[in-house]
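> Could you work out the structure for the sequence below:
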Amino acid sequence: MNGLPPNSFKTAIAAGRQQIGLWSSLCSNIATEIIGGSGFDWIVLDTEHAPNEIPGLLQQLQALAASLTVEPVVRVAWNDAVTIKRVLDIGARTLLIPFVQNAEEARLAVAATRYPPQGIRGVSVGPRANRYGRVAGYHHVAHENICVIVQIETRSACAEIEAIAAVEGVDGIFIGPSDLAADLGHLANPRHPDVQTAIADACARIRAAGKGAGMLTGDPEEACRYLAAGFTFVAMGSDAGVLANATAALAAKGKEQVARLIEKTRSTQE
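This next block holds a predicted model:
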């Protein structure tokens, strides 16, 4: 597209090239800028389960613009055309749309990302998405650079994988492990064998349908297992999780050293 870089993430998952990602829920443009330079292929800016709103989201997209290798993926709060329109206008071009249950809901998601006559996206002449009106012909070809990933989170949605994948404009299908586990009767236990069986089956069917299959886990080793099992794009953790775990480990190490020093001092005094 003239004036805008190609969506390398969309191209990669269409070609089956595996992509490593990170979840971001800290809602900080500074944190986002830091992780943007870490070497991930994609970073999810979450607005469903994080207190992200449009002004802050815009700042995070601006922070990630400095990276030439990472693609921002915005998870919108709901499959809502107004929300999707606003996120696209501020420059997001890869969207993760939660709780898509069937082909009709997938079609609605895609339609919200397309200008008429292909869809229902509202027209703004000069949003950030087309460099404030500087990209000639943007409105006619914008959809070519937009990547739509739909998230399936229930056994009902899993039963509709083939129909969802057949919807034109759906680029990938992401499995929400926590909600799927809850729907299968294993709340907060996505590693339950029943859940893992459902995930493996869903991945195989998504790939057989010719779409990229996505997954999230907080365990890097588990992420590698998912990649080995055929998932196309996998988030290996979250910025909040990395911060929590690293600071806890640092504090524990510090307290251990203090305890050793105290014990050494006592021994010396005795």
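> only C-alpha atoms for contact and neighbour calcs from this point on.
Will do.
> so the residue most central in space within the chain, which of the three states?
By Cα atoms, centre = their mean, the mean C-alpha position of the chain lies nearest to Val44, the distance being 3.6 Å. Under DSSP: H, G, I helix; E, B strand; the rest coil, the three-state class of Val44 is strand.
> give me the beta-bridge partners of the closest residue in space to Ile97 that isn't next to it in sequence?
Spatial nearest neighbour of Ile97, excluding adjacent residues (Cα to Cα, 6 or more residues apart in numbering): Val150 at 4.9 Å. Taking DSSP bridges as the rule, Val150 bridges to Ile97, Ile173.
> Test my guess that Val150 contacts Val167.
No: in this structure Val150 lies outside contact range of Val167 using Cα atoms under 8 Å: 10.8 Å.
> So for the two, which residue has more residues nearby?
The residue with more neighbours, out of Val150 and Val167, is Val150; 29 against 16, by other Cα atoms under 10 Å.
> and the gap between the more buried one and Glu160?
12 Å (Cα to Cα, to the nearest Å).
> How much space separates Ile20 from Phe233?
Counting by Cα to Cα, the gap from Ile20 to Phe233 is 6 Å.
> How about Ile146?
Look at Ile146 and Phe233: by Cα to Cα, they are 17 Å apart.
> Grab the nearest non-local neighbour of Phe241.
If you look again at residue 241, you'll see it is Gly, not Phe. The spatial neighbour of Gly241 that comes closest, neighbours along the chain excluded (Cα to Cα, 6+ apart), is Gly218 at 7.4 Å.
> All the helices of the stretch 101-250 of the chain, in order from the start?
Applying DSSP state H, counting those that start in this stretch to the stretch 101-250 of the chain gives helices spanning 103-111, 138-141, 155-159, 161-165, 177-183, 193-208, 220-228, 239-269.
> Counting neighbours, what do you get for Glu153?
Applying other Cα under 10 Å, I find that Glu153 has 23 neighbouring residues.
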